[in-house]
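[1] Using only what follows, build the 3D model:
(2 chains)
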2 protein chains.
Amino acid sequence: MLSVTILGNNSAVPAFNRHPTSQVVTQDGINYLVDCGEGTQIQMIKYKIRRGKISHIFISHLHGDHYFGLVGLLNTFGLLSHKQELHVFGPEPLQQIVEMQMKVAETELPFPLFFHTLNKNEVLVDNERIRISCFKTRHRIECYGFLFEEKEGKRKLLIDRVRKLNIPVSFYSSLQSGLDYITPRGQLISNDTVTAPPEKGKKYAFCADTRYDESLIPIIYGADMIYHETTYLDNMREMAYERFHSTTKQAAEMARKVMAKKLLIGHFSSKYSSLEQFESEAREVFINTDLAIEGNTYEVH
Amino acid sequence: MLSVTILGNNSAVPAFNRHPTSQVVTQDGINYLVDCGEGTQIQMIKYKIRRGKISHIFISHLHGDHYFGLVGLLNTFGLLSHKQELHVFGPEPLQQIVEMQMKVAETELPFPLFFHTLNKNEVLVDNERIRISCFKTRHRIECYGFLFEEKEGKRKLLIDRVRKLNIPVSFYSSLQSGLDYITPRGQLISNDTVTAPPEKGKKYAFCADTRYDESLIPIIYGADMIYHETTYLDNMREMAYERFHSTTKQAAEMARKVMAKKLLIGHFSSKYSSLEQFESEAREVFINTDLAIEGNTYEVH
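    Modelled structure (predicted):
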């Protein structure tokens, strides 16, 4: 199961109790942190995110509202005696910025911290459960989106049939991997009579900060859910273009063009106290749009 | 009038809805920010601190819980088109850390920002209304406390007498400065018959992070209010010493020895969910102790 929990949904300046960008992508109990604006660690406490379950942090770009909370979070991991490896992905000077602040404080982190520099579209994580890759977006400074692609899971046991046929428990994981079973008397039980096909892996694209950019379409095509920034309402298209941001209808247009099943919108400008119009404008173009609301978890279906 | 508003009262790790160190010292409508832990700008919104009234920021030392919110706050000042000069005082690498992050984001602040490096006990601000100086404390890394000394105000007009004697309004400010008045008929009206002495300027010492250190006594002696850290309860004296922090009774002992009128305690370790015992222990030694509670304003009397 893949889901996204929003920790911050606002753009540059915190306002109206909305916080700078951060979200947690969760798959099977593993938390991947995407962006880490100031106060992210406080939002994590508020929304009961298990910090110890974070092993990868992805920073889209080095505007402060996307990473000023990182050094504090790493510091806290250190003070809480986090032990496991932590991998941080971000544009180049990030490592230098963090290390400088650690050095000045004479802080030695008690866990192995690995920085990975983003500089092109590439695969960042690839294991049995998930593939995570990055892609460049069109922003004022170097900026990356992240694509989370769940691998297909194992086949599902049809437990009533399995039991009725007295297949031993020790063979269950072989069944889940697709093997047929041969009974002690030599009878073949075909796998597809006792298991169902696995669920299709889900696909989620975090599109970071960006102008409306159709070159993203082939990269995120067919995502089950996309998050696209909507810093502005659609009457601000010109401003959005100048500042390398997007509007409600542009985000919705992108969701429509990539055949997404669902669109999450966020990164709202602090000039807007209410978000209702963001939702209604985007839904005019793409009906299955939700506001990214802090504390809410959105399952990728 | 001198007062202190607490924005963060916790030590290293935010916990129990307590935040890292920050406080605002206010004199006659001018706000001086002392330390700026992560989330300070969000606390300022919560507690309605007028950010535009801040022209000086003092950073005691470069442990993250005392300054990780600074770069975000400066960024926000920029985005909100702050125009007036801003002066930041802190240990040396602070300027480099902030400038590096601004440069990476291609941010140009729209106001003049001046960094002042702390490296010895000295006067930092000295004007008609206030003198602010710094003093070294005994911490793991270079660390400074700050002493705020209000200048004596102007003499107070005894307005009934002034009016009865028909002293012209245009001469009021001369009266407040201590001049005698001579009537058109040549009669001398002695200043002390129509004005009262000014209020004594108040004195507040922020003692930053520190081991119990009697060398501070002559520097902050006679302060009307002192803020002293109490990271630990008094049964943790050894730990406090090792980590260059103080306990409740040590803070109270300091207040007693410098003949302070009031003691504020803060910088509580995140191991303590309740603060009651901090208050009771300190009061055993120095009765006029208050917990520094976030959002509360403490007038210096």
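
[2] only C-alpha atoms for contact and neighbour calcs from this point on.
    OK.

[3] Convert the C-alpha atoms of stretch A:52-62 to PDB, please.
    C-alpha atoms of stretch A:52-62 as PDB (Å, rounded to 0.1, in the frame of the first residue of the first chain):
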ATOM      1  CA  GLY A  52      12.500   6.200  13.300                       C
ATOM      2  CA  LYS A  53      10.900   4.700  10.100                       C
ATOM      3  CA  ILE A  54      12.500   7.300   7.900                       C
ATOM      4  CA  SER A  55      15.600   6.100   6.000                       C
ATOM      5  CA  HIS A  56      15.400   8.300   2.900                       C
ATOM      6  CA  ILE A  57      14.900  12.000   2.600                       C
ATOM      7  CA  PHE A  58      14.400  13.700  -0.800                       C
ATOM      8  CA  ILE A  59      14.900  17.400  -1.200                       C
ATOM      9  CA  SER A  60      13.400  18.800  -4.400                       C
ATOM     10  CA  HIS A  61      15.400  22.100  -4.500                       C
ATOM     11  CA  LEU A  62      17.200  24.600  -2.300                       C
END
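
[4] in terms of contact count, name the helices or strands touching the helix or strand encompassing A:Leu74.
    A:Leu74 is located in helix A:70-79, with elements delineated by DSSP states H and E. Identification of packing neighbours for helix A:70-79 by 3 or more C-alpha pairs under 8 Å, 6 or more residues apart in numbering or on different chains; DSSP states H and E yields helix A:40-46.

[5] sorry, back to before: which residues outside the helix holding A:Leu74 are in contact with it?
    Contact with helix A:70-79 is made by A:36-38, A:40-41, A:98, A:101, A:108-111, B:12-13, B:38, B:64-65, B:68, as judged by C-alpha atoms under 8 Å, 6 or more residues apart in numbering or on different chains.

[6] ok, the residue sitting furthest away from the middle of chain A to chain B distance?
    Largest separation from the mean C-alpha position in chain A: A:Arg185, at 49.6 Å (C-alpha atoms, centre = their mean). Distance of A:Arg185 to chain B, given as C-alpha to the nearest C-alpha, to the nearest Å: 63 Å.

[7] now swap in A:Phe89 and tell me
    Taking C-alpha to the nearest C-alpha, one finds A:Phe89 at 16 Å from chain B.

[8] Let me know the secondary structure of that residue.
    strand (DSSP: H, G, I helix; E, B strand; the rest coil).

[9] OK, contacts around it?
    Listed by C-alpha under 8 Å, 6+ apart, the contact partners of A:Phe89 are A:56-59, A:115-118.

[10] What is the nearest of the residues you listed to chain B?
    Nearest to chain B among the contacts of A:Phe89 is A:Ile59, at 13.4 Å by C-alpha to the nearest C-alpha.

[11] you'd agree the closest one is up against A:Val34?
    Yes - A:Ile59 lies in contact with A:Val34 (C-alpha atoms under 8 Å); the separation is 6.1 Å.

[12] Leaving out chain neighbours, which residue sits closest to A:Asp126?
    Closest residue to A:Asp126 apart from its sequence neighbours, by C-alpha to C-alpha, 6 or more residues apart in numbering or on different chains: A:Ile132 at 6.4 Å.

[13] Local confidence estimate at the one you found?
    pLDDT recorded at A:Ile132 is 98.

[14] Quick check: bridge partners of it?
    With DSSP bridges applied, A:Ile132 shows beta-bridge pairing to A:Val125, A:Phe148.

[15] neighbours around it, how many?
    18 (other C-alpha atoms under 10 Å in any protein chain shown).

[16] if I look at it, how far off is A:Ala260?
    18 Å (C-alpha to C-alpha, to the nearest Å).

[17] Distance from the chain centre to the biggest helix by length in chain A, please.
    Across chain A, the longest stretch assigned as helix under DSSP state H is helix A:93-104. Taking C-alpha atoms, centre = their mean, to the nearest Å, one finds helix A:93-104 lying 25 Å from the centre of the chain it belongs to.

[18] From the recorded domain assignment, give the ranges for chain A.
    A:2-153+A:199-299, A:156-196 (automatic domain parsing).

[19] distance between the ends of the longest one?
    Just to be clear, that refers to domain A:2-153+A:199-299. 6 Å.

[20] Kindly report the same for the shortest one.
    Terminal residues of domain A:156-196 are spaced 5 Å apart (C-alpha to C-alpha).

[21] now stretch A:6-16
    Terminal residues of stretch A:6-16 lie 16 Å apart, using C-alpha to C-alpha.

[22] what's next to it, contact-wise?
    A:18-24, A:37, A:40, A:43-44, A:47, A:64-65, A:231, A:266-270, A:273, A:292-297, B:42, B:45, B:76, B:79.

[23] for chain B, what are the nearby residues on chain A?
    A:12-15, A:38-39, A:42, A:45, A:62-65, A:68-69, A:71-72, A:75-76, A:79, A:93, A:97, A:100-101, A:104-106, A:141 (C-alpha under 8 Å from any C-alpha of the partner chain).
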